[in-house]
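[1] Pasting the sequence and the predicted coordinates here, then a few questions.
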Number of protein chains: 2
Amino acid sequence: MDLVLIAIACGVVALLYGIITARQVLGAPAGNERMVEVAGAIQEGAKAYLKRQYTAITVVGVIVAILVLLFLGWVAAIGFAIGAILSGVAGFIGMNVSVGANVRTAEAARSSLQKGLTMAFRSGAVTGLLVVGLALLAIAGFFAYLIGPAAKAANADDVIIGITALALGASLVSIFARLGGGIFTKAADVGADLVGKVEAGIPEDDPRNPAVIADNVGDNVGDCAGMAADLFETYVVTVGITMVLTALLLGSAAGDLLVPLMALPLLIGGACIITSVIGTFAVKLSGNSTNVMGAMYKGFIVSALLAIPLIWFATRHALGDMNAVIGGGNVAEFTGVDLFWCSMLGLAVTGAIIWITEYYTGTNYRPVKSIAKASETGHGTNVIQGLAISLEATALPTLLFTVGIVVAYQLAGLMGLAYAATAMLSLAGMVVALDAYGPVTDNAGGIAEMAGLDDSVREKTDLLDAVGNTTKAVTKGYAIGSAALAALVLFAAYTTDLRKYFPDLDVNFSLENPYVIVGLLLGALLPYLFGALGMTAVGRAAGDVVIDVRQQFKDKPGIMDGSERPDYAKTVDLVTKAAIKEMIVPSLLPVLAPVVVYFVVSAVAGQENGFAALGALLLGVIVSGLFVALSMTSGGGAWDNAKKYIEDGNHGGKGSEAHKAAVTGDTVGDPYKDTAGPAVNPMIKITNIVAILLLAALAGAGNGLI
Amino acid sequence: MDLVLIAIACGVVALLYGIITARQVLGAPAGNERMVEVAGAIQEGAKAYLKRQYTAITVVGVIVAILVLLFLGWVAAIGFAIGAILSGVAGFIGMNVSVGANVRTAEAARSSLQKGLTMAFRSGAVTGLLVVGLALLAIAGFFAYLIGPAAKAANADDVIIGITALALGASLVSIFARLGGGIFTKAADVGADLVGKVEAGIPEDDPRNPAVIADNVGDNVGDCAGMAADLFETYVVTVGITMVLTALLLGSAAGDLLVPLMALPLLIGGACIITSVIGTFAVKLSGNSTNVMGAMYKGFIVSALLAIPLIWFATRHALGDMNAVIGGGNVAEFTGVDLFWCSMLGLAVTGAIIWITEYYTGTNYRPVKSIAKASETGHGTNVIQGLAISLEATALPTLLFTVGIVVAYQLAGLMGLAYAATAMLSLAGMVVALDAYGPVTDNAGGIAEMAGLDDSVREKTDLLDAVGNTTKAVTKGYAIGSAALAALVLFAAYTTDLRKYFPDLDVNFSLENPYVIVGLLLGALLPYLFGALGMTAVGRAAGDVVIDVRQQFKDKPGIMDGSERPDYAKTVDLVTKAAIKEMIVPSLLPVLAPVVVYFVVSAVAGQENGFAALGALLLGVIVSGLFVALSMTSGGGAWDNAKKYIEDGNHGGKGSEAHKAAVTGDTVGDPYKDTAGPAVNPMIKITNIVAILLLAALAGAGNGLI
């Protein structure tokens, strides 16, 4: 219990850091009147978005909460509520800081690059540390309550189901935020371009276009709030499922070590919060250097290096003897040293995935350069090369994960995999900080442009923004990689749970079982169908934007000469409504698919095959989802930076034919990397979590009301 | 043995039909001097291509044959040689008929639409029936020799390994033909456009462009020769592996029924050759109708309906008592009636997949219309919608296959699946006929244009060609669907073989085995990597074309004013060389991956896990390959027809902004549907076949020389 309290204390440190830094950021000067006006419009839009989004989520959330209550009981329902609410809070705070920091970053960049960097990065760090702080507090607090005041055994059904339900709450809000936010931002982006640039003939980022503010809001909505909810979810699920798997695998056989072992993931997370806070202070440009990426990496490297000894001490503190053998019987034997090395493996995988993603999306390397070169010969060849890179970009991460899986298993079996995933996630605070920095600098550039600031300011924000593109891509690769590992842990929890709840069934998970093949095929289909729905939704919602903006131009003829103000909130609300509407069916897919597959296959071929097909569905969705998500996010990032590379003066530069082709590629990559791709991440986990809770509900293990 | 001879007789009927019809087609008038000149250039190019392609294939084929001989023995080496040579012959004849029929179709279309249709369809039917005839003769003849003059037991190792090696030969040539042909045709297409239309400013299909003939050759190379080799391979593998599985599963336990059961797939194939021949005579326009698609489907429906009673009689003739129970023990029990219903299931799946593919690629339905509509708002939205349709198009086929798998297993276990796949393939003659018709009409239109024939001729060939687009897409869906079923049968053969050769090993194929997960991930990666390499290759080879054409324009300044003739053969040879060079690495992937994965995992985690990972790799490549191939071929077909739909006068018609966007989509779809997508089909099977032969080699079962 002391260990859990230490973790809670670390979570509080993260919150305090967030609050103090947020006050610093928001206390900085916000610039001149015009800047404040533009930023105000973005803030106004953000409020309209948040209101509608949370209303919709509340409706769905309450329905699911009632179902959880009915089938799994009060503890699960409370867990679900904690996960859902805090996931929402993480997104809410992150976005609010972000829309306040954008204008202040623009103002800070008026004095120096270093000041702009500091302002933008600080605001990102607020989001990053609040995300991990809230996530850690959610699980650690809930766990502490359950094993403390509620006096439950650490491996009691209620604890296991409660933590899983907490993960479901986080995942559900996350899929809404990611997909809804993704559809919002890309529908606004495409819609604004179509009706503004093409029809009305006004330039990009022109405040007379009612959809342009929605476009700027979208950057915050998708890249900031959506991303924050996504990483909150990944963190909660990974740490939570490591605890659940520990309870399921070792259970009471672990004796006094059970609670320390379940608390250890929390402790590792707490330790890395401390190193992340220290890391944030290392983000500084050296002298007159303009190497912004180098400055950001300094922060990451400091956090990661400091994490090494801290994870060792945390493990030793929790387990006492690092060489005592734990496990045995059906569970692979392992020692504290093994767990430490698995954690190191997680850190190494994180470093490698960052490097691979940068290779595939950075302007210095072959992939992006090849797309830029292909742009010279037209739109078609740009897209072909981009798709080729998308497909290719799955290779190195897959090889990395297979090596990681084998090494983790060899070291400590399933527990090894779980600890590798946990360690990977423990640095999430720093990674989110790097990512949330992106939309702030993006917006800062837009505000500088719209407010007519000196060109030197725009140059500085452009330097900052270029880095944002890469960090955004890196986070997605990181999130998907860690999600895949976490999902494998979830799958292990499913099979372990199955044996616990249905000890008499002999479920055949062999690849030779036709129902396993059927499950794999159906699971593999889910990310494809999900991606199709997401991409179609962007197109349809963009059409709604066009219609609305045309109407506003007609109703308020004064908009074009500046005598009337467009109703930004109306467009934003419309895009929000469209986004929420469009995301309902895709979001239902991962929730309903496991339930439908289980009941249909059980009806046709018996319960054992039902569980086999369901298990295979889970693995199918993981395997296929990993490839779909990796190819979409890497490809999208590469297209984006190929455009940037051309805009930097290569292959003819801005306005050339190559540039037009690169713009097409960038447009194609947008819903790939910002809508469909990243939303696959929570989708994979929801499918797995629903399956685990379905087991509990079928076994009547959760003290549900019916 | 009598049964095998009946099948051989049916194969001879197919050959006779092919020879007689080919003489009819090639005996028809070839039109005026200009038409003959243009067609001559295409033929010249085709010869240059074939020469180089077969030289390269021979080198690789001899190396592989030697390896087969060394590790598996003479019978296997002979089987391999038969498969490889006849696969090459099928492609060779098909393409030669096709390049002779194009100009005659143009000439026939001068008198009437019906005559043009008859000419083009007849030439397609030649290819179709030669493909299935040669395939059937290859296996049936080899099998008859082995169990007759060579006096081997039907389930002897030599027979099983020999038939599998025959399948490997067919697959190896097929992957060369499909990928090489695919790279060739698309490189020539893109290259000709870039250097002709963009740089030299000469119109499309202008004979002064040395690459334009390569482009026309490419249609035959990719869509005719490549497709023919592909379907030959699918046929051989499916029928062959059904026989192998029968021998492995039932073996001597089947007693006197073993040979009839192994001959039954051959007999079903023979019966359907007869119905296909009859079906070809049903392809006629009713009265003055211009419903070409309807005329084609009439032929297909006649073949399929007649197949129903013939399959019943064939089954009864082979088994005697349709209700006698076969199998038992470890093998699911089944009767002749069950096998008949499984065959019917195969026919039903074929019908359904044709309908689904037409829905996703036909101009009358939502998917294509949605892409056409999205073209109105630009290149980007066209590509986004096309990608969304690509992803979505995997859903219905997947649901269809899962239902098919479950029903087949319920009826007759693994044997049921094998018979469903065999029946699906039995109609290949008719399907190939419909497909091979496509490039003929495409070329006919080009020749009509280049030879300056009356516009009414071009109108008729356009009507014929529009149907060709759909039938091409349909064949690909059909080929991939049947390949997936066949691959599942191959996987079953792998696991059965494993138990036979290594009875002492306890290989754990459970999804809970980490090496199974690793195998699934690596298997799923193969189609992605393969697709990436294929798409990149098209871009690179197109660049080579541009350089060569520039050089020809420089060396022969008389080309532009018509005083010098371009060296078509040189460009064709260059594209061929580039295509062959570019396809080596991708083609090595499926051959080497199983071997490497087996040895690496065995070294790390023991032989049992090596076999488990290898098995999972096979299933991973099937599951992932199915989605990659379906999405690429359907998406590509939809993009193509969206362009056609706009050219028919919708959304602004030819020359509009929407049309330009649709051209981009079509370009993107080209390597998707004609290079990477269809080549995934042989790739899946090569991986599986190599694994099966690896087992035999490891067990020393094949009397290899070392």
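    That came in fine, so what should we check first? Here the structure is a predicted model, which means the values were calculated and not measured.
[2] For A:Gln551, see how far away the residue in the stretch 1-150 of chain A positioned nearest to chain B is.
    Nearest residue of the stretch 1-150 of chain A to chain B (C-beta to the nearest C-beta) works out as A:Tyr49 at 22.8 Å. Heads up, the C-betas are built off the backbone N, CA and C, glycines and all. According to C-beta to C-beta, to the nearest Å, A:Tyr49 stands 20 Å off from A:Gln551.
[3] These two - which one has more neighbours?
    Set A:Tyr49 next to A:Gln551 and count neighbours by other C-beta atoms under 10 Å in any protein chain shown: A:Tyr49 wins out with 27 against 14.
[4] tell me the contacts of the residue in the stretch 101-250 of chain A that chain B sits nearest to?
    Nearest residue of the stretch 101-250 of chain A to chain B, counting by C-beta to the nearest C-beta: A:Leu194, 5.5 Å away. Neighbour list for A:Leu194: A:Ala542, A:Val545, A:Val546, B:Thr377, B:Gly378 [criterion: C-beta atoms under 8 Å, 6 or more residues apart in numbering or on different chains].
[5] Tell me how far the residue of the stretch 351-500 of chain A found nearest chain B lies from B:Val221.
    Distances between the stretch 351-500 of chain A and chain B by C-beta to the nearest C-beta are smallest at A:Gly380, namely 3.0 Å. Distance, A:Gly380 to B:Val221, by C-beta to C-beta: 21 Å.
[6] These two - which one has more neighbours?
    With neighbours defined as other C-beta under 10 Å, A:Gly380 and B:Val221 compare such that B:Val221 has more, 33 against 25.
[7] so what secondary structure elements neighbour the strand or helix carrying A:Val60?
    Take DSSP states H and E as the rule and A:Val60 turns out to sit in helix A:33-72. Here helix A:33-72 touches helix A:74-111, helix A:157-175, helix A:210-218, helix A:428-450, helix A:568-605, helix A:677-698, going by 3 or more C-beta pairs under 8 Å, 6 or more residues apart in numbering or on different chains; DSSP states H and E.
[8] Is chain B within reach of the least confident helix or strand in chain A by mean pLDDT?
    Within chain A, no helix or strand scores below strand A:326-328, which has a mean of 81 by mean pLDDT, DSSP states H and E. No. Applying C-beta under 8 Å from any C-beta of the partner chain, one finds strand A:326-328 separated from chain B by no less than 15.6 Å.
[9] What average pLDDT does the helix or strand just after that strand get?
    Downstream of strand A:326-328, the next assigned helix or strand under DSSP H and E is strand A:331-334. In this model, strand A:331-334 carries a mean pLDDT of 85.
[10] Quick check: neighbours of strand A:331-334 in the sheet, parallel or antiparallel?
    Taking DSSP bridges as the criterion, strand A:331-334 forms sheet pairs with strand A:326-328 (antiparallel).
[11] buried ones in the partner strand?
    For strand A:326-328, burial by neighbour count (16 or more other C-beta atoms under 10 Å in any protein chain shown) applies to A:Ile326, A:Gly327.
[12] wait, what's in contact with A:Ile147?
    With C-beta under 8 Å, 6+ apart, A:Ile147 has these contacts: A:Met1, A:Val4, A:Ala153, A:Ala154, A:Val159, A:Val259.
[13] Go through those and flag which are in strands.
    Among the contacts of A:Ile147, no residue falls in strands (DSSP state E).
[14] Kindly present those as CSV, with separate columns for neighbour count.
    Listed next are these as CSV, based on neighbours: other C-beta atoms under 10 Å in any protein chain shown:
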residue, neighbour count
A:Met1, 13
A:Val4, 23
A:Ala153, 15
A:Ala154, 23
A:Val159, 23
A:Val259, 22
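[15] Mind putting those into TSV with distance to chain B and pLDDT?
    Shown next, in TSV, are these (distance: C-beta to the nearest C-beta, whole Å; pLDDT from 0 to 100):
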residue	distance to chain B	pLDDT
A:Met1	33	69
A:Val4	30	90
A:Ala153	26	87
A:Ala154	24	86
A:Val159	24	91
A:Val259	27	90
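[16] what residues does the least confident helix or strand of chain A touch?
    The contact list for strand A:326-328 (C-beta under 8 Å, 6+ apart) reads A:Leu249, A:Leu250, A:Ala254, A:Leu257, A:Leu261, A:Leu319, A:Glu333, A:Phe334, A:Thr335, A:Ala412, A:Gly413, A:Met415.
[17] Would you agree the second one is in contact with A:Leu264?
    No. Taking contact to mean C-beta atoms under 8 Å, the distance of 11.9 Å between A:Leu250 and A:Leu264 leaves them out of contact.
[18] Which residue of these two possesses the greater neighbour count?
    A:Leu264 (27 against 22).
[19] Please identify which helix or strand holds that one.
    helix A:258-280.
[20] in that helix, what counts as buried?
    A:258-277, A:279-280.
[21] what does stretch A:281-298 give?
    A:Ala282, A:Val283, A:Leu285, A:Val292, A:Ala295, A:Met296, A:Tyr297, A:Lys298.
[22] Stretch A:645-657 now?
    A:Tyr645, A:Ile646, A:Glu647, A:Asn650, A:His651, A:Ser656.
[23] what's the answer for stretch A:299-307, then?
    A:Gly299, A:Phe300, A:Val302, A:Ser303, A:Ala304, A:Leu306, A:Ala307.
[24] The helix or strand containing A:Leu617 vs helix B:607-647, what angle?
    A:Leu617 is part of helix A:607-647 when elements are defined by DSSP H and E. Orientation of helix A:607-647 against helix B:607-647 (axes from the mean of the first three to the mean of the last three C-alpha atoms, to 10 degrees) gives an angle of 60 degrees.
[25] Helix A:607-647 and chain B, any residue contact?
    Yes. Counting by C-beta under 8 Å from any C-beta, chain B is contacted by helix A:607-647 at A:Gly615, A:Ala616, A:Leu619, A:Gly620, A:Val623, A:Ser624, A:Leu626, A:Phe627, A:Ser631.
[26] Format these as a markdown table; extra columns: distance to B:Leu400, pLDDT and neighbour count.
    Shown next, in a markdown table, are these (distance: C-beta to C-beta, whole Å; pLDDT from 0 to 100; neighbours: other C-beta atoms under 10 Å in any protein chain shown):
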| residue | distance to B:Leu400 | pLDDT | neighbour count |
| --- | --- | --- | --- |
| A:Gly615 | 23 | 94 | 29 |
| A:Ala616 | 18 | 95 | 28 |
| A:Leu619 | 22 | 93 | 26 |
| A:Gly620 | 17 | 94 | 29 |
| A:Val623 | 21 | 93 | 29 |
| A:Ser624 | 18 | 95 | 27 |
| A:Leu626 | 25 | 94 | 28 |
| A:Phe627 | 22 | 95 | 29 |
| A:Ser631 | 25 | 94 | 23 |
